[in-house]
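Undergrad: I'll drop the sequence and a predicted model, then ask my questions.
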Amino acid sequence: MNRSLPLNALHVFNVAANELSFARAADHLFVTHGAVSRQIRTLENALGLPLFERRNRAVFLTPAGERLHSTTRQMFEHLASTVASLRPSSPTHPLVVSCEPTLAMRWLIPRLGTFAQAHPNITLHLHSAGGPLDLATAGVDVAIRRNDFFWGHTLAAEPLADEWIGPVGSPASFDTPHPKQLHTRTRPQAWQDWQRATRKSPIDANTTTPPFEHFYLSLQAAGAGLGAAIGSVYMVSDELDAGRLIAPSGFVRDGSAYVALAREPFAANPARETLLHWLRSALAESASKWISRETQADTRDAIP
């Protein structure tokens, strides 16, 4: 046989051999059952031998059909791969994420590499900001915020994680029974929130140092041994892992939580939805190392 085999018939044969069904092959190729049968007959006539054995309304590859299928399967897989590599990749727009500064610096940024490895097709651009934000004006796709302000009725809001807080400091800070309290202007009620959640009396009402301008700075000062600061479990988990900070009293819910905000439902955009699920999982993993199930149960009803 010197004439070349019809390519379309080879394609139909390959699909039918994959499916072992002319009917399913017809559905896959969006043609009729009869069209598949005609292409198979054309190929069998060109080769001069049967490729399928028809028994009890089912089809099976003959030995010749199996040999041909082993070649066509590789041929069409290689062809599809080559065609895909030749097509210009569609431009992907980065996902602009706004995150509260301390959470961004102490938790999110150290984990961006892990996210990139797990989701290489999603590019994140980080925008550090806290509190209310006009997402459209700022060009922000997702905002990660603590639910301590009113963001209106037009944004889609998805819960991420409850906030867990507790006194943290360097090991040396807790050598005394009453370490100095470090305060911050951005969370001025942090110690009162912790005392309310634990129903404990203040550790030390006297603070000789002025409050730090930012929550981040109070945690840095705690790590430097200047005293104890109220820390979010997420923002200190890495330093707890490394032993640079300790939390002798553990962590309790303070009644607030972190949420993800967007201009439209997260399910409307696969990249946003992927980020949402990753944030929930990563936050839960950070907290689970330092919050036992017993603690979660004990503190569930502690906040009035």
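TA: That came through, no problem.
Undergrad: In this structure residue 28 contacts residue 17, no?
TA: No - using Cβ atoms under 8 Å, residue 28 is not in contact with residue 17, being 11.9 Å away. In short, each C-beta sits where N, CA and C put it, glycine included.
Undergrad: the more surrounded of these two?
TA: Between residue 28 and residue 17, counted using other Cβ atoms under 10 Å, residue 17 has the larger neighbour count: 21 against 15.
Undergrad: and that one, what helix or strand is that in?
TA: Using DSSP states H and E, the element containing residue 17 is helix 7-19.
Undergrad: what residues does that helix touch?
TA: 22, 25, 28-29, 35-36, 39-40, 42-43, 46, 51-52, 59, 61, 65, 68-69, 72-73, 75-76 (Cβ atoms under 8 Å, 6 or more residues apart in numbering).
Undergrad: measure residue 77 to residue 10 for me?
TA: Per Cβ to Cβ, to the nearest Å, residue 77 is found 13 Å from residue 10.
Undergrad: One more: residue 213?
TA: Taken as Cβ to Cβ, the span from residue 213 to residue 10 is 72 Å.
Undergrad: of these two, who's got more company?
TA: residue 10 (18 against 11).
Undergrad: Which pLDDT value goes with the more buried one?
TA: At residue 10, the pLDDT value in this model is 92.
Undergrad: so what's the closest residue to residue 168 other than its chain neighbours up against?
TA: Setting aside the residues directly before and after it, residue 168 is nearest to residue 231 in space (Cβ to Cβ, 6 or more residues apart in numbering), at 4.0 Å. The contact partners of residue 231, taken as Cβ under 8 Å, 6+ apart, are 165, 166, 167, 168, 219, 222, 245, 247.
Undergrad: show me the contacts for the first one.
TA: Spelled out, that is residue 165. 190, 193, 194, 197, 230, 231, 232, 233, 251, 252, 254.
Undergrad: Same question for residue 157.
TA: Residues in contact with residue 157 (Cβ under 8 Å, 6+ apart) are 151, 259, 260, 261.
Undergrad: Is it possible to get a markdown table of those that adds pLDDT?
TA: Putting those into a markdown table (pLDDT from 0 to 100) gives the following:
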| residue | pLDDT |
| --- | --- |
| 151 | 89 |
| 259 | 96 |
| 260 | 96 |
| 261 | 95 |
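Undergrad: May I ask which two of these are separated the most?
TA: Largest separation among those by Cβ to Cβ: 151 and 260, giving 11.2 Å.
Undergrad: neighbour-wise, which of the two wins?
TA: Per other Cβ under 10 Å, whichever of residue 151 and residue 260 has more neighbours is residue 260, with 22 against 16.
Undergrad: Quick check: which element contains the more buried one?
TA: Using DSSP H and E, residue 260 maps to strand 252-262.
Undergrad: Partner strands of that strand, with direction?
TA: strand 142-146 (antiparallel), strand 156-168 (antiparallel) (DSSP bridges).
Undergrad: Can you give the distance of the shortest one from its chain's centre?
TA: Averaging C-alpha coordinates over strand 142-146 and over its chain gives two centres that are 14 Å apart (Cα atoms, centre = their mean, to the nearest Å).
Undergrad: So what touches that strand?
TA: Around strand 142-146, the neighbours that count as contacts under Cβ under 8 Å, 6+ apart are 95-100, 103, 108, 130-131, 133, 135, 151, 160, 163, 256-262, 272, 275-276, 279.
Undergrad: Just the C-alphas of that strand, formatted as CSV.
TA: Taking Å, rounded to 0.1, in the frame of the first residue of the first chain, the C-alpha atoms of strand 142-146 are listed here in CSV:
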residue,chain,number,x,y,z
VAL,A,142,-9.1,41.4,47.4
ALA,A,143,-8.7,43.2,50.7
ILE,A,144,-7.8,41.3,53.9
ARG,A,145,-9.1,43.1,56.9
ARG,A,146,-10.1,42.6,60.6
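Undergrad: Now it: buried residues?
TA: Neighbour-count burial for strand 142-146, counted by 16 or more other Cβ atoms under 10 Å, picks out 142, 143, 144, 145, 146.
Undergrad: circling back: now distance to residue 178 and pLDDT too, for the contacts of residue 231, in CSV please.
TA: Below are the contacts of residue 231 laid out as CSV (distance: Cβ to Cβ, whole Å; pLDDT from 0 to 100):
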residue, distance to residue 178, pLDDT
165, 19, 95
166, 16, 94
167, 11, 95
168, 15, 95
219, 20, 93
222, 15, 93
245, 18, 94
247, 16, 94
